[in-house]
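1. pasting the sequence and the predicted coordinates here, then a few questions.
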2 protein chains.
Amino acid sequence: MRKETPEAAGEQDALQLGELSDLLGYVLKRAQLKVFEDFLRCVGSLQLTPAQFSVLILLEKNPGRNQTEIANTLGILRPNFVAMLDGLESRDLCTRMRSTSDRRSHILVLTDKGRAVLQRAKKLVASKHEARLNELLGPTNRAALLSMLSKISREF
Amino acid sequence: MRKETPEAAGEQDALQLGELSDLLGYVLKRAQLKVFEDFLRCVGSLQLTPAQFSVLILLEKNPGRNQTEIANTLGILRPNFVAMLDGLESRDLCTRMRSTSDRRSHILVLTDKGRAVLQRAKKLVASKHEARLNELLGPTNRAALLSMLSKISREF
DNA sequence: CGAAATTTGATATGCTTCATAACAATTATT
DNA sequence: AATAATTGTTATGAAGCATATCAAATTTCG
């Protein structure tokens, strides 16, 4: 077994990233993977993925909405949202209720358990996940980062 | 057909994102999708995905490396890199050459066509893709954004 | 040296995400 | 009333991502 250093398995010398280090999309993707990874570490004990967490947050802030509305604002396609809701509903985190005004649509509501899990998740995210980012970047930089990313999401 | 405004299909009022707008992972993912989308618009005429583009860049800056080394630095698992290389090789953009020093490994080399396509891709990326980002953020902000994202990739 | 362990590229496989077409039930349009 | 559109759903396929396994080649080390 050749093991020169504890890490760097497979490379003898570090490779040159070249213009990749200046390619925003590349750095963005790498950072996003890291952040999601840490999210799962922090909130994984509640068995919540980032996508599921985002759904619960939206249900809490927007009561009375149906599947299409929630899915659309999250960029989830309606067909793919069905299985996702099945999962949340089977764990009793939310419920589909037939709308009385439009019997085609399902109004989505958080259950008490869903609300409780969401509160715990929010605390984990704030105290572990976002806190670690704050420590790494500092509050000012973190705010600037969020602002620029939001701008890209909206206007790019 | 009820069509109040040209856009916003499916929602009557915009939903509240709530704490999602302050969740770095959420904003990061949305921004990343937008950037990749634009990358494909700009360089799609060359039939290059972001991942393929990153491979070609790495091959150019790191001649004489094998599949494991290239895949590892890009975070691609070796099994998944095989089909990717098959695609690039079938389009005559790169070649696998058996190493003379280690007959297990394949040295990856850019073909002339691969080099030419890469140059054209780089120009498209610089003149259309990154230029648009520069216009949106400004050079200073863009540099700060890159710096913070790199820091997250490395140290988070 | 020579047996055992490791590495490399590859195949098979499964899971998750993402995208499209189509359908029944219901509602809106005209 | 007839037609079109919307909602949730199913089926389906492509793409990304992960693991186990394999043969060939190399390295390690008794």
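-> The structure has been received and is ready for your questions.

2. moving C-terminal from the helix or strand hosting residue A:57, which element do we reach first?
-> Taking DSSP states H and E as the definition, residue A:57 sits inside helix A:50-61. The helix or strand immediately downstream of helix A:50-61 is helix A:67-74, counting by DSSP H and E.

3. please identify the buried residues of that next one?
-> For helix A:67-74, a neighbour-count test (16 or more other CB atoms under 10 Å in any protein chain shown) marks A:67, A:68, A:69, A:70, A:71, A:72, A:73, A:74 as buried. C-beta here means a position set from N, CA and C on the backbone, and glycine is covered the same way.

4. quick one on the thing from earlier: only alpha carbons, please: show the helix holding residue A:57 as CSV.
-> Only the C-alpha atoms of helix A:50-61 are listed here, as CSV (Å, rounded to 0.1, in the frame of the first residue of the first chain):
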residue,chain,number,x,y,z
PRO,A,50,-33.6,20.2,1.8
ALA,A,51,-36.5,19.8,-0.6
GLN,A,52,-38.8,18.4,2.0
PHE,A,53,-37.8,21.2,4.4
SER,A,54,-38.6,23.8,1.8
VAL,A,55,-42.1,22.3,1.3
LEU,A,56,-42.9,22.4,5.0
ILE,A,57,-41.7,26.0,5.3
LEU,A,58,-43.9,27.0,2.4
LEU,A,59,-46.9,25.2,3.8
GLU,A,60,-46.5,27.0,7.1
LYS,A,61,-46.2,30.4,5.5
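
5. return the distance of that helix from the chain's centre.
-> Between the centre of helix A:50-61 and the centre of its host chain there is 9 Å, according to CA atoms, centre = their mean, to the nearest Å.

6. other SSEs contacting that helix?
-> Judged by 3 or more CB pairs under 8 Å, 6 or more residues apart in numbering or on different chains; DSSP states H and E, helix A:50-61 is in contact with helix A:24-43, helix A:67-74, helix A:78-90, strand A:94-98, strand A:106-110, helix A:112-124, helix B:24-43.

7. now the buried residues of helix A:67-74 in a markdown table, with pLDDT and distance to residue A:137?
-> Below are the buried residues of helix A:67-74 laid out as a markdown table (pLDDT from 0 to 100; distance: CB to CB, whole Å):
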| residue | pLDDT | distance to residue A:137 |
| --- | --- | --- |
| A:67 | 98 | 36 |
| A:68 | 98 | 36 |
| A:69 | 98 | 34 |
| A:70 | 98 | 31 |
| A:71 | 98 | 32 |
| A:72 | 97 | 31 |
| A:73 | 97 | 27 |
| A:74 | 98 | 26 |
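
8. ok, and which of those reach chain B?
-> On the criterion CB under 8 Å from any CB of the partner chain, A:68, A:69, A:70, A:72, A:73 are the entries of the buried residues of helix A:67-74 that sit beside chain B.
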